[in-house]
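Q: Provided below are the primary sequence and the corresponding predicted coordinates.
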Amino acid sequence: MKQIIVNQEQLETRVAVVEEGTLQEYYVEREGQRNLVGSIFKSRISNLEPSLQAAFVDLGTPKNAFLHYWDMVPATEEMWEEEKALSTVEDKPLRSKRKPNEDDPENPAAEDSSDQPNAEPAAETKAPEQEPAAAQNAPEQEPAA
């Protein structure tokens, strides 16, 4: 059973939400103090911070407010699994420090740079020249003897 307990004094109001004997939420509001926590505001995102998985939002107060990604959009478990898969960092370098045509002195067999995502191909192969379209569609003729 859920209970809401309110304790109000002259300068302070306290509210507690208790469910099955366990405190679930607790709020304190003091007279003359503006409380922003738990309120809904129209605001503008001023800065996204991917490393913190959060945004700083402009509420019109002197300092921007911190808002975690989880609090922005209700998420499904599937969405968080996708996010986890995308944010997994591999141990491969993002860019090679060597030029693509340069050999690795420590590993001579590492000339194939196809495992590096940003590496350019070592050499370009020239495609065979194609015959004109009319010649390709024409029936084959046997050489005259």
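A: Thanks, I have it.

Q: okay, CA-based contacts and neighbour counts for the rest of this
A: Noted.

Q: got the CA positions of the helix or strand harbouring residue 47 in PDB?
A: Element membership of residue 47, judged by DSSP states H and E, is strand 44-49. Taking only C-alpha atoms (Å, rounded to 0.1, in the frame of the first residue of the first chain), the coordinates of strand 44-49 have been written out as PDB:
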ATOM      1  CA  ARG A  44      16.400  24.600 -24.800                       C
ATOM      2  CA  ILE A  45      19.300  22.200 -25.000                       C
ATOM      3  CA  SER A  46      22.500  24.300 -24.800                       C
ATOM      4  CA  ASN A  47      25.100  21.500 -24.900                       C
ATOM      5  CA  LEU A  48      25.200  17.800 -25.400                       C
ATOM      6  CA  GLU A  49      27.900  15.900 -23.500                       C
END
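
Q: least confident secondary structure element in this protein?
A: Lowest by mean pLDDT, DSSP states H and E among the helices and strands of the chain is helix 133-137, with a mean of 50.

Q: near the closest residue to residue 43 other than its chain neighbours, how many other residues are there?
A: With CA to CA, 6 or more residues apart in numbering as the measure, residue 59 is the residue that lies nearest to residue 43, at 5.0 Å, once sequence neighbours are left out. The local packing count at residue 59 equals 16, with neighbours defined by other CA atoms under 10 Å.

Q: and the strand holding residue 47, which strands flank it?
A: Under the criterion DSSP bridges, strand 44-49 sits next to strand 54-58 (antiparallel) in its sheet.

Q: what does the strand it pairs with contact?
A: Residues from elsewhere that reach strand 54-58, judged by CA atoms under 8 Å, 6 or more residues apart in numbering: 43-49, 64-69.

Q: could you turn the buried ones of those into a PyMOL selection?
A: Selecting only the buried entries of the contacts of strand 54-58 in PyMOL, with 16 or more other CA atoms under 10 Å as the criterion:
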select buried, resi 64+65+69
